[in-house]
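> can't give you the sequence, but here's the structure:
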């Protein structure tokens, strides 16, 4: 059965998501500024202009300021909240007086994190809440209690995970009646473990791949939307390629530029289109806050539909730097 995109759950029809980690100023506890709000407004406007209606947050981004400046954007633009999908994450805690940097899936922390996100965003409900990184001390029944409380209170509509493998998702899901509808993972032309895991079955090279066996197939079978964080690889193949980069990176950046020129599109659209060409209907979460780079992603979905199998493999083989097994 072919996986359905997030619209299957009436959550979003946006094939691209704007990641908001770059909003809110510096990674410190200084107050955000008017310039930070203006930057956020320009990023949101650019996203909306190319059809992006889904925005990805986390309680820790810019130590809360990413959500705060986004909340200010919502306050200054009445009616915007009803037009967009807001997703946030919880579960990561920075070092503080209570302990070192750590993960926390306790009921108390999950509930407090959501309350904090809602307050900073100035909204009543998160459309989606993701559990940010797997907590070694997680107890499925405890997580399920938190999820039930959030669902019944109307504070969160749907739930998902981030950076989790098959066993971890199953472990949590068996205790919760609420389905996890998202798994957000690092995936890009520079982060190829998700493809290599498929290619290197019964190959010695597969012993060095640590993406998660069967994760792509599991998510597709269970209708879990795969989102990719870092899909542009910090511009590595679309204009930010260091001169001393490895040969496979330089060759791939050149190939991306050639394909973009031939197809009269942008390098960003080629890089994202390569991800979106996969049958899993991967949903890239673009992390740039630069309006120009956001708009450069506009053609990604079309390029995905036009990309041939040969072009997809050309990019993959070039980036991996070695022939197919």
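Sure thing, it's come through. The model shown is predicted, which means the values in this text are computed figures rather than measured ones. Numbers count the residues shown, from 1 in each chain.
> For the protein, which element, helix or strand, carries the lowest mean pLDDT?
Lowest on mean pLDDT, DSSP states H and E among the helices and strands of the chain sits helix 193-199, with a mean of 94.
> what does that one rub up against?
The contact list for helix 193-199, computed with Cβ atoms under 8 Å, 6 or more residues apart in numbering, reads 185, 187, 205-206, 209-213, 215-216, 316, 320, 324-325. C-beta: built from backbone N, CA, C; applies to glycine.
> on contacts alone, who are the packing partners of the next helix or strand after it?
As assigned by DSSP states H and E, the chain's next helix or strand after helix 193-199 is helix 215-221. Identification of packing neighbours for helix 215-221 by 3 or more Cβ pairs under 8 Å, 6 or more residues apart in numbering; DSSP states H and E yields helix 166-173, strand 180-186, helix 193-199, strand 225-229.
> If I average pLDDT within each of these, which one is lowest?
Mean pLDDT per stretch puts helix 193-199 lowest among the helices and strands packed on helix 215-221, at a mean of 94.
> Could you list the low-pLDDT ranges of the stretch 1-150 of the chain?
1-12 (pLDDT under 70).
> again, only this time at 90
1-14 (pLDDT under 90).
> all helices for the stretch 201-325 of the chain, in order.
For the stretch 201-325 of the chain, helices defined by DSSP state H, counting those that start in this stretch occupy the ranges 215-221, 247-262, 267-276, 291-295, 300-306, 309-320.
> Any chance of those helices in a markdown table with mean pLDDT as columns?
Formatted as a markdown table, the helices of the stretch 201-325 of the chain follow (pLDDT from 0 to 100):
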| stretch | mean pLDDT |
| --- | --- |
| helix 215-221 | 96 |
| helix 247-262 | 98 |
| helix 267-276 | 98 |
| helix 291-295 | 98 |
| helix 300-306 | 98 |
| helix 309-320 | 98 |
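> Rebuild those as CSV, extending it with mean neighbour count and distance to residue 102.
CSV is the format used below for those (neighbours: other Cβ atoms under 10 Å; distance: least, Cβ to Cβ, whole Å):
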stretch, mean neighbour count, distance to residue 102
helix 215-221, 19, 24
helix 247-262, 17, 34
helix 267-276, 26, 31
helix 291-295, 17, 33
helix 300-306, 18, 36
helix 309-320, 16, 34
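> Quick one: these as JSON lines, columns for distance to residue 130 too.
As requested, the helices of the stretch 201-325 of the chain are exported to JSON lines (distance: least, Cβ to Cβ, whole Å):
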{"stretch": "helix 215-221", "distance to residue 130": "14"}
{"stretch": "helix 247-262", "distance to residue 130": "29"}
{"stretch": "helix 267-276", "distance to residue 130": "19"}
{"stretch": "helix 291-295", "distance to residue 130": "22"}
{"stretch": "helix 300-306", "distance to residue 130": "22"}
{"stretch": "helix 309-320", "distance to residue 130": "27"}
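> Specify the stretch among the helices and strands packed on helix 215-221 that is closest to residue 134.
helix 166-173 (5.0 Å; Cβ to Cβ).
> Determine the set of other helices and strands touching the helix or strand encompassing residue 144.
Assigned by DSSP H and E, residue 144 falls within helix 140-153. Contact analysis of helix 140-153 by 3+ Cβ pairs under 8 Å, 6+ apart lists helix 107-121, strand 156-162, helix 166-173 as its packing neighbours.
> Stretch 41-52: how far from the chain's middle?
Computed by Cα atoms, centre = their mean, to the nearest Å, the chain-centroid distance of stretch 41-52 equals 17 Å.
> What residues of that stretch count as buried?
Residues of stretch 41-52 classed as buried by neighbour count (16 or more other Cβ atoms under 10 Å): 41-44, 46-48, 50, 52.
> Also stretch 121-128?
Buried residues in stretch 121-128 (16+ other Cβ under 10 Å): 121, 123, 126-128.
> Now do that stretch: everything it contacts.
Outside stretch 121-128, the residues touching it (Cβ under 8 Å, 6+ apart) are 11-12, 57, 67-68, 70-72, 74-75, 81, 85-88, 114, 117-118, 154-160, 181-182.
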